[in-house]
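> dropping the sequence and predicted coords here.
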Amino acid sequence: MKVLGIGILRYNSDVTEPVMLTQSCELSSFGFFQRSSVREMITFFNKTIAKRTPPGQRQSVQNQDYFVHVYMRVDGLCGCITCDAEYPPRVAFSILSKILEDFESFYPTWKKENRNEVIVWPQLDESLVKYQDPANADQIMRIQRNLDETREVLHNTIDSVLQRGEKLEDLVEKSGELSAQSKLFYKQAKKANSCCAVV
């Protein structure tokens with residue numbers, strides 16, 4: 001999962017083309033001589049898609065192996081994230097909402113700006129680095145990653161116990177801490193689950 005660029009644009013009735021207010025790109029995966037061309041393409045796609053996105057709408061557009069996720073607010077402030085196909089769209093749109101709110105707080109007179117990329121906003125560069133990992137932006141992804149890690153640890157723990165030659169059934173039988181009812185439940189659950197096993 002990789003984010004190549006984040007752009008903030010404005011497209012209001014007083015301009016004929018979207019204005020790229022500020023942009024940040026992370027193009028280290030491209031060759032040195034390719035980077036300026038890739039940046040120009042990202043800018044071109046951001047402006048083109050922003051122009052074709054109705055106010056108050058979100059859309060995702062695929063170009064080869066990359067997606068451009070666009071959120072055009074009703075007031076004409078627009079955010080674009082260019083990323084690979086693996087980056088979750090829901091996360092991209094939540095990042096855009098947050099970045100646009102933060103940008104408006106930083107630069108409240110954005111509607112008056114008609115020049116491309118004249119606003120320097122260091123937080124955009126920081127956001128580009130921070131959100132390379134979608135879990136930094138999305139609580140649900142963070143929880144899922146923690147659950148996956150916990151599940152892996154549990155599987156490794158059970159596997160290591162079984163590798164020592166002990167059977168889980170033997171451990172349950174030997175355990176003095178389990179009540180008779182718990183042991184009976186374990187045996188019945190194992191018996192019920194075994195009927196569904198694929199041979």
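Everything's here; your move. Values in this document were obtained by computation on a predicted structure and should not be read as measured data.

> now stretch 25-39: buried residues?
Neighbour-count burial for stretch 25-39 flags 25-27, 38-39 (criterion: 16 or more other Cβ atoms under 10 Å). Using the backbone N, CA and C atoms, a C-beta is placed for each residue, glycine as well.

> how about the helices in the chain?
Along the chain, counting by DSSP state H, helices occupy 35-51, 89-106, 122-130, 139-163, 168-174, 180-194.

> about what we covered before: possible to save the buried residues of stretch 25-39 as CSV with pLDDT and distance to residue 53?
Below are the buried residues of stretch 25-39 laid out as CSV (pLDDT from 0 to 100; distance: Cβ to Cβ, whole Å):
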residue, pLDDT, distance to residue 53
25, 93, 20
26, 92, 23
27, 92, 24
38, 90, 22
39, 91, 21
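
> closest to residue 15 out of the residues you listed?
Of all the buried residues of stretch 25-39, residue 39 has the smallest distance to residue 15: 21.6 Å, by Cβ to Cβ.

> re earlier: can you flag the weakest of the helices of the chain by average pLDDT?
Of all the helices of the chain, mean pLDDT reaches its minimum on helix 168-174 (a mean of 60).

> OK, contacts around the residue sitting nearest the centre point of the chain?
The centroid of the chain falls nearest to residue 134 when counting by Cα atoms, centre = their mean (3.2 Å). When contacts are counted by Cβ atoms under 8 Å, 6 or more residues apart in numbering, residue 134 touches 1, 87-88, 91, 141.
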